Each structure stands twice: as C-alpha cells, then as structure tokens.
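K.L.:
sequence first, predicted coordinates after that:
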Amino acid sequence: MKNLAIALLLLACANGCTPTSKPNTAPEQTEDVSLTNTYWKLFELNGNPVAPDSTMRSIPHFILGAADNKFHGNTGCNSMSGSYELKDPLGIRLSKIISTRMACMNTMELESGFLRVLEQADNYVITGDTLALNKARMAPLAKFKRELMNNQ
C-alpha cells in the first residue's frame with residue numbers, strides 16, 4: 001500500500017509540477033527589430049569605423065523592402081539598389097547591385113568597399129539595434145545601426 005501511495009504521488013507530481021526556473025537560453029531581445037523596412041546606417045566596414053563627414057553626399061545606408069525583395073540605399077556618394085534573398089535561418093544574398101556613377105573625391109574607397117561587402121555577405125545577425133553582415137564564420141564584414149525613420 002505504501003508503494004502505491006508513493007507511485008500515485010510521483011505520478012501526480014509528474015503531471016502537475018512545473019519547473020520554477022527557465023532553461024538557459026539565448027538572451028531575449030527587448031525590442032522586435034525587423035531586418036526589412038528598417039533604415040540600416042553603416043558605422044563599421046571591415047573592422048574600421050565609418051563616421052559621416054562633410055565629403056559624403058549622404059550617410060551610407062540601406063533599406064530592404066519587405067514586399068518586393070528589393071533594396072535601396074546610398075554608399076556615401078552614390079545611390080544604389082538591387083535584389084536580396086533571405087534564407088533560413090539567417091542567410092542573406094544581395095545581388096544585381098547597381099549604383100549611380102558620380103565621382104566623390106574622398107569617399108570612393110568607402111563606396112567600393114561597401115559595395116564589395118554587400119556582394120560578399122551570406123549571413124546576418126541582429127543584436128539589439130545592430131545588424132552585422134558576415135561571410136561564413138569570419139568577423140563581421142560590416143556593422144549597421146538601426147535609425148528611426150519618420151514613420152517608425
């Protein structure tokens with residue numbers, strides 16, 4: 001009889017007891033930051049800081065459209081656009097990249113590096129409001145900060 005009582009108690013606990021602590025998982029993101037329809041401002045390229053200055057016509061950035069798999073942005077000198085494809089879980093491929101061809105004396109190296117990174121990136125990671133574009137498991141090729149647009 002004693003064994004039956006213990007078995008019933010264990011069975012009741014197995015069906016009704018819940019753990020008091022959460023399993024150790026990845027840190028929760030406090031805000032839902034979408035990869036698409038977000039203004040991503042470049043702040044680091046190949047490990048080097050990128051700071052807007054007076055020689056730039058625009059802040060280097062890009063925005064991935066959610067509905068059409070197209071992106072657009074600016075290299076700091078020229079406007080650019082292209083197509084993108086997202087792959088599970090965090091894969092990305094930017095292609096068919098085109099840009100205007102204005103000459104900007106002090107930003108051409110930044111522009112060519114930025115365009116090259118967009119072509120090379122094959123995955124991304126969003127941490128808080130920072131986006132990193134990566135190639136394989138190497139160090140991030142570029143880092144971007146989310147900037148709020150007028151409608152956000």
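P.N.:
Good, I have the coordinates.
K.L.:
if I pick the closest residue to residue 120 other than its chain neighbours, what's in contact with it?
P.N.:
Distances taken as CB to CB, 6 or more residues apart in numbering put residue 135 closest to residue 120, at 5.0 Å, once the chain neighbours are dropped. Using the backbone N, CA and C atoms, a C-beta is placed for each residue, glycine as well. Residue 135 sits next to 120, 121, 122, 123, 141 when contact means CB atoms under 8 Å, 6 or more residues apart in numbering.
K.L.:
could you pull up the residues touching the last one?
P.N.:
It refers to residue 141. Residues near residue 141 by CB under 8 Å, 6+ apart: 45, 46, 117, 120, 121, 133, 134, 135.
K.L.:
name the helix or strand for residue 118, please.
P.N.:
According to DSSP states H and E, residue 118 maps onto helix 108-120.
K.L.:
for the record, mean pLDDT for that helix?
P.N.:
Taken as a whole, helix 108-120 has a mean pLDDT of 96.
K.L.:
next secondary structure element downstream of that helix?
P.N.:
Scanning forward in sequence from helix 108-120 by DSSP H and E, the next helix or strand is strand 123-127.
K.L.:
show me where the chain has its strands.
P.N.:
In order along the chain, the chain carries the following strands (DSSP state E): 39-45, 48-49, 61-64, 70-74, 79-87, 91-99, 123-127, 130-134, 142-147.
K.L.:
now the residue nearest the centre of the chain: closest residue in space that isn't a chain neighbour?
P.N.:
Per CA atoms, centre = their mean, the C-alpha nearest to the average position across the chain is that of residue 131, at 3.4 Å. Excluding its sequence neighbours, the residue lying closest to residue 131 (CB to CB, 6+ apart) is residue 144, at 4.4 Å.
K.L.:
test my guess that that neighbour contacts residue 45.
P.N.:
No. Using CB atoms under 8 Å, residue 144 and residue 45 do not qualify as a contacting pair, with a distance of 9.9 Å.
K.L.:
so which of the two has more stuff around it?
P.N.:
Shown here are residue 144 and residue 45; by other CB atoms under 10 Å, residue 144 has more neighbours (25 against 21).
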